[in-house]
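[1] predicted model and sequence follow; I will ask about them next.
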Amino acid sequence: MLAALFGCFRPASLPLRIGANLWTGYETLYLARDLGELKDKPIRLIDFPSGTEEVRAYRNDEIDGAGLSIDQVITLAATQGDIRIIAIMDFSNGGDVILARPGLRTMGELKGKRIGVEATALGAFFLGRALELNDMTPQDVTVVSLELGDHEAAYRAGRVDAVVTFGPARTNLLKAGAIPLFDSSRIPGEIVDTLAASSEAIANNAEHLQTLVEARFKALGYFQSNPADAARRMARRTRVKPEELLEAFRLLEQPSLETNVALLTQRDPSLVVTMTNLIRVMHDNGLITKMIDPASLLDAQFVERALARR
């Protein structure tokens, strides 16, 4: 009886907690907030230093959803099974990169060297693909596990000879003279970033999720129409120059609402194909313990509704 009584006073719609890290592709969420699209809405954007921290927060029920790379969604689905992709934020087309010290000019020259990489499935996948395409194996290098926030300091301190990185760390290290050896433009369509939410949030907080999705695509439209002002607004948070932020965005493909609908409804099967290949690689390398049906992780309702309302 007490449970029923207190249940009557439970808020009908709890605040929506969405995590994100300093990846360029997630910045349009913050641009939406800056433009006032989330004003007076019970939606909180919560900063995390890395995707690894976002995954931990999701598992601890500290957030209801997040900007997550596709491998992170798969990792959570393999252990919890309650997460769904509700929007595709971007495809990395050069934004993820392997940067090396001056004097190292090719991937082959990394043999026997120390490579810093975030301890995520995506980090392992990206490095593995780079090595594979250069006739190398992970045994040819020494992998050093580094949180994203440590990439720049580890490189500058000489603890690694190269680093797999992205975002502001990529920008700052390039300015410091680091040499790009490989980037995600070599594996188009394979590095995908998403907006994902828990099944519970979808069931109980659909209205706020809808607001967030629509606000994000409005912000994307503003960015495409007013890139200079949008970059100025976003640069305040990322602490890089607006022109550097615009350069980083040029290394991404940010799919439209129409493309999102096609991908999430599988009218365009390319996303499911990419996920199927990644799931197999992750399973074969012991990163997940079971195979997953990628179609079961896709929820198109929010982008479909956003497109219908536009």
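    The structure has been received and is ready for your questions.
[2] what ranges do the helices span in the stretch 1-150 of the chain?
    For the stretch 1-150 of the chain, the helices defined by DSSP state H, counting those that start in this stretch cover 2-8, 27-34, 51-59, 70-79, 121-132.
[3] as JSON lines, those with mean neighbour count and mean pLDDT would be great.
    C-beta: built from backbone N, CA, C; applies to glycine. Rendered in JSON lines, the data for the helices of the stretch 1-150 of the chain read as follows (neighbours: other C-beta atoms under 10 Å; pLDDT from 0 to 100):
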{"stretch": "helix 2-8", "mean neighbour count": "7", "mean pLDDT": "39"}
{"stretch": "helix 27-34", "mean neighbour count": "23", "mean pLDDT": "97"}
{"stretch": "helix 51-59", "mean neighbour count": "20", "mean pLDDT": "93"}
{"stretch": "helix 70-79", "mean neighbour count": "22", "mean pLDDT": "93"}
{"stretch": "helix 121-132", "mean neighbour count": "21", "mean pLDDT": "87"}
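[4] closest to Val303 out of those helices?
    helix 27-34 (14.2 Å; C-beta to C-beta).
[5] quick one: list the elements packing against that closest one.
    The contact analysis (3 or more C-beta pairs under 8 Å, 6 or more residues apart in numbering; DSSP states H and E) places helix 27-34 against strand 16-20, strand 43-47, helix 206-225, helix 227-238.
[6] okay, the ones you listed, which one's buried deepest?
    Highest mean neighbour count of the helices and strands packed on helix 27-34: strand 16-20, a mean of 23 (counted as mean count of other C-beta atoms under 10 Å).
[7] can you list the strands that it pairs with?
    According to DSSP bridges, strand 16-20 has the following sheet partners: strand 43-47 (parallel), strand 65-69 (parallel).
[8] okay if I get those strands as CSV plus distance to Glu253?
    Output for the strands paired with strand 16-20, formatted as CSV (distance: least, C-beta to C-beta, whole Å):
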stretch, distance to Glu253
strand 43-47, 23
strand 65-69, 15
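[9] export the helices of the stretch 1-150 of the chain to a markdown table and tack on distance to Arg280?
    Compiled in a markdown table, the helices of the stretch 1-150 of the chain are given as follows (distance: least, C-beta to C-beta, whole Å):
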| stretch | distance to Arg280 |
| --- | --- |
| helix 2-8 | 44 |
| helix 27-34 | 30 |
| helix 51-59 | 21 |
| helix 70-79 | 11 |
| helix 121-132 | 11 |
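[10] returning to what we had before: now render the strands paired with strand 16-20 as TSV, adding distance to Leu99 and mean pLDDT.
    As requested, the strands paired with strand 16-20 are exported to TSV (distance: least, C-beta to C-beta, whole Å; pLDDT from 0 to 100):
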stretch	distance to Leu99	mean pLDDT
strand 43-47	24	96
strand 65-69	19	96
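[11] closest one to Gly81 among these?
    Here strand 65-69 is closest among the strands paired with strand 16-20 (C-beta to C-beta), at 15.1 Å.
[12] is the nearest residue to Glu109 once chain neighbours are set aside bridged to anything, and to what?
    Take Glu109 and drop its neighbours on the chain: the residue closest to it by C-beta to C-beta, 6 or more residues apart in numbering is Ala100, 7.7 Å away. Assessed by DSSP bridges, Ala100 has beta-bridge partners Ala162, Ile179.
[13] for Ala100, what are its contacts?
    For Ala100, the contact set (C-beta atoms under 8 Å, 6 or more residues apart in numbering) comprises 109-110, 113, 161-162, 178-181.
[14] if we can go back for a sec, quick one: closest of the helices of the stretch 1-150 of the chain to Glu244.
    Between Glu244 and these, the tightest spacing by C-beta to C-beta is seen for helix 27-34, at 12.4 Å.
[15] hmm, who's touching that closest one?
    18, 20, 38, 45, 67, 89, 195, 212, 215-216, 218-220, 222-223, 230, 233-234, 237-238, 245, 254.
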